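Engineer: A predicted structure for the sequence below; I have some questions about it.
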Amino acid sequence: MAELTEVKVEDLLVCGACCCTINSLYCKMPECIGFKNSGVICCMRVQLAGCKPIREENEDKKCCVWNEGGVYCIIPYTCCLDQQQLFCLDSRCAFPCNEKVPCICTLLPFFVLAADWKLKPKCCAKVSDLMG
């Protein structure tokens, strides 16, 4: 079920970023409704979602996730990774950077200076525009 409520990084409009942290706007309707939190710190993992509409076909015919998630003990695979979405606001961080939190740096709000370890100056860019 977690993949049905996932906030895809390519849909985000970058507001501010500094290497391994990104603050963005998530304006995809109706997917931006509700909240989603997914995080890993060493051997602990949290996955939470609530009030999320589902538009994709699924075998259980679910149309809305009212409440799902949990906290789990896992075998470590990264130092830290966190993604939080509340309505149209998305905040994420990771160390080291990865595909869910790519390396992006902004100079001013909504002005990306560098992305994917390259100089890519763009204004009001989605992550999909920067990583392609």
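Structural biologist: Thanks, I have the structure now.
Engineer: List the buried residues for stretch 9-25?
Structural biologist: Within stretch 9-25, the residues that count as buried by 16 or more other CB atoms under 10 Å are 9, 11-17, 19-25. C-beta: built from backbone N, CA, C; applies to glycine.
Engineer: swap in stretch 100-118?
Structural biologist: Neighbour-count burial for stretch 100-118, with 16+ other CB under 10 Å as criterion, is recorded at 100-106, 110, 112, 114-115.
Engineer: picking up where we left off before, out of the buried residues of stretch 9-25, which is nearest to Pro121?
Structural biologist: Distance to Pro121 across the buried residues of stretch 9-25 (CB to CB) is lowest for Val14, with 12.3 Å.
Engineer: What's the first helix or strand after whichever helix or strand that closest one is part of?
Structural biologist: Here Val14 is covered by strand 13-19, with elements defined by DSSP states H and E. For strand 13-19, the succeeding helix or strand toward the C-terminus, using DSSP H and E, is strand 21-25.
Engineer: Give me the angle between that next one and strand 13-19.
Structural biologist: Our comparison of strand 21-25 with strand 13-19, counting by axes from the mean of the first three to the mean of the last three CA atoms, to 10 degrees, yields an angle of 170 degrees.
Engineer: ok, then the element right after strand 21-25?
Structural biologist: Once strand 21-25 ends, the next helix or strand along the chain (criterion: DSSP H and E) is strand 35-41.
Engineer: before we move on, the earlier item: looking at the buried residues of stretch 9-25, which is nearest Asp82?
Structural biologist: Proximity of the buried residues of stretch 9-25 to Asp82 was ranked by CB to CB; the top entry is Thr21 with 9.4 Å.
Engineer: Specify the beta-bridge partners of the closest one.
Structural biologist: On DSSP bridges, the residues paired with Thr21 through beta bridges are Cys93.
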